[in-house]
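J.: Any chance you can model this:
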Amino acid sequence: MIRRLYDWTIGWAAHPRALWVLAVVSFLESSFFPIPPDVLLLPMVLARPSRAWVIAGVCTAASVAGALLGYAIGYFAYEGLGAPMLAALGKAAYFEEFQLRFNEWGAWVVLAAGVTPFPYKVITILSGATALSLPVFVVASIVARGLRFFLVAGILWAVGDPARAFIERRLGLVFTAAVVLLFGGLAAVRFL
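T.: Coordinates of the predicted model:
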């Protein structure tokens, strides 16, 4: 089943509209969607390495635009939308304590969350809810998301077919590692 899903994703990654789908997923993931854009970014770069930089650029731009939506949710609609979303992730009780630390370390928190598998939507919503400086938030988001997506695209572009061959040979291991990272990020949200 994993092999069929992988083959389907790789095949779809070369589709003419795949870049639009990646943009939508990247945008939504930064504000409320649970699936990270890497699910599409990786096979798209593997399928078309010559477009690695375009793919990473679209992913970055859409992710930062989505981060602004997350910021707006936190800033304008924290009680109605943001708080319930954070409660679903188990973070609502820590808001006041987090707010004090976040205002002091906000840019670094945005940078760290933007690069790691930590669910970025939590940080975008909290950035708005705590009224983190919007220019600081935008710059930190561009740097973090750009670093994350361009680094992944660059590694896949540089390594190319051996990366694809490794993934295909070790598909079970790669899939398991991806699932562990995804659930590890979600667990970190619950317990941090």
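J.: Every contact and neighbour count from this point should use C-alpha atoms.
T.: Noted.
J.: what residues are up against residue 68?
T.: For residue 68, the residues meeting the contact criterion (CA atoms under 8 Å, 6 or more residues apart in numbering) are 31, 124, 138.
J.: buried sites along stretch 142-161?
T.: 142-150, 152-154, 156-157, 160 (16 or more other CA atoms under 10 Å).
J.: Stretch 52-64 too?
T.: Using 16+ other CA under 10 Å as the test for burial, stretch 52-64 gives 52-53, 55-64.
J.: Stretch 72-90 now?
T.: Quick answer for stretch 72-90 (16+ other CA under 10 Å): 72-75, 77-78, 82-83, 85-86, 89-90.
J.: Reformat those residues into TSV and put distance to residue 20 and pLDDT next to each item.
T.: Formatted as TSV, these follow (distance: CA to CA, whole Å; pLDDT from 0 to 100):
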residue	distance to residue 20	pLDDT
72	23	96
73	23	94
74	26	91
75	28	94
77	28	92
78	29	89
82	27	85
83	30	83
85	26	81
86	28	75
89	28	69
90	32	70
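J.: Now flag whichever of these is closest to residue 35.
T.: Set against residue 35, the nearest of these by CA to CA is residue 89 (14.2 Å).
J.: tell me which element residue 137 falls in.
T.: Here residue 137, judged by DSSP states H and E, is contained in helix 134-159.
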